[in-house]
Structure formats: C-alpha cells, structure tokens
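> Below is the structure, and that's it, no one-letter string:
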C-alpha cells in the first residue's frame with residue numbers, strides 16, 4: 001500500500017474561507033438568477049423591493065455576481081491578485097444587493113451582508129500574504 005503526500009499549502013485559513021464562501025454563494029446565486037429569469041414561483045416575493053416587477057433585471061444581476069464569485073474564488077485559491085480584486089468587488093456588490101433586499105427578504109439580506117463583511121475581513125487581514133510556490137501576491 002502506497003501513500004502519497006499531498007503538497008502542503010501555507011495559504012491562510014481566512015483566505016481559504018473567503019474562497020469557499022465565494023464558491024458557495026456563487027452557486028446559490030446562479031440558481032437564484034436562473035429562477036429570477038424564469039420568473040419562477042419558487043423565488044421570494046421581491047416585487048415590493050427596489051427592482052419592483054423587473055425580475056429579469058434581478059436575474060441578470062444575480063448571474064453577474066455569481067460569475068464574479070466563482071471566478072474570484074477560483075483565483076483566490078490559486079493565490080492570484082485577480083481573486084483578491086474580484087473578492088472586494090463581489091463583496092461590495094453583495095452589500096449593495098443586501099440593502100436593496102432588506103425590505104422584501106430580510107433574513108436572506110442579513111445573511112448575505114454578514115458573509116460579504118466576513119469576506120472583506122478575510123481579504124483585508126491576509127493582504128500581506130504571498131504564495132512562495134508561484135510568486136504571486138495573495
């Protein structure tokens with residue numbers, strides 16, 4: 001029986017946390033965006049919110065944020081600066097979206113706001129980390 005050692009990663013836990021959150025939320029937002037575009041009955045009633053009856057606009061917004069989230073999370077795991085920039089941009093967009101949805105989906109908005117703030121914290125506390133194996137700044 002042979003055992004293979006996995007390469008060790010010295011990536012900070014907070015940075016890994018930010019990437020995992022971005023992957024998870026990105027997947028959920030992609031599903032949510034598809035539901036909004038389909039005008040599904042499975043979505044929350046957001047008609048009283050900032051987007052009103054324009055669920056297609058909200059669907060496109062969700063898909064854009066999902067794409068940013070997934071590409072940024074992948075880049076963060078690779079130790080690239082693109083992921084860090086996209087992470088900040090993604091978290092800012094999620095904060096804006098949270099404030100727009102507080103009236104119609106307050107628990108969802110609060111949870112999204114909390115995760116976005118934690119991602120901003122994770123990115124800012126690990127700003128001096130660099131990946132020695134690739135030479136890229138974290």
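Done, it's in. Quick caveat, the model's predicted, so the values are computed rather than measured.
> start to end distance for stretch 100-109?
End-to-end distance for stretch 100-109: 8 Å, by CA to CA, to the nearest Å.
> Any buried residues in that stretch, and which?
For stretch 100-109, the neighbour count (16 or more other CB atoms under 10 Å) marks 100, 101, 102, 104, 105, 108, 109 as buried. Bear in mind the C-beta positions are built from the backbone N, C-alpha and C, glycine included.
> Most widely separated two among these?
Pairwise distances across those (CB to CB) peak at 11.4 Å, for the pair 100 and 108.
> coming back round to it: adding pLDDT, secondary structure and distance to residue 72, write the buried residues of stretch 100-109 out as TSV.
Compiled in TSV, these are given as follows (pLDDT from 0 to 100; DSSP: H, G, I helix; E, B strand; the rest coil; distance: CB to CB, whole Å):
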residue	pLDDT	secondary structure	distance to residue 72
100	83	helix	21
101	80	helix	21
102	85	coil	24
104	76	coil	27
105	79	coil	24
108	85	helix	21
109	90	helix	21
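> what's the neighbour count on residue 10?
For residue 10, the count of nearby residues is 10 (other CB atoms under 10 Å).
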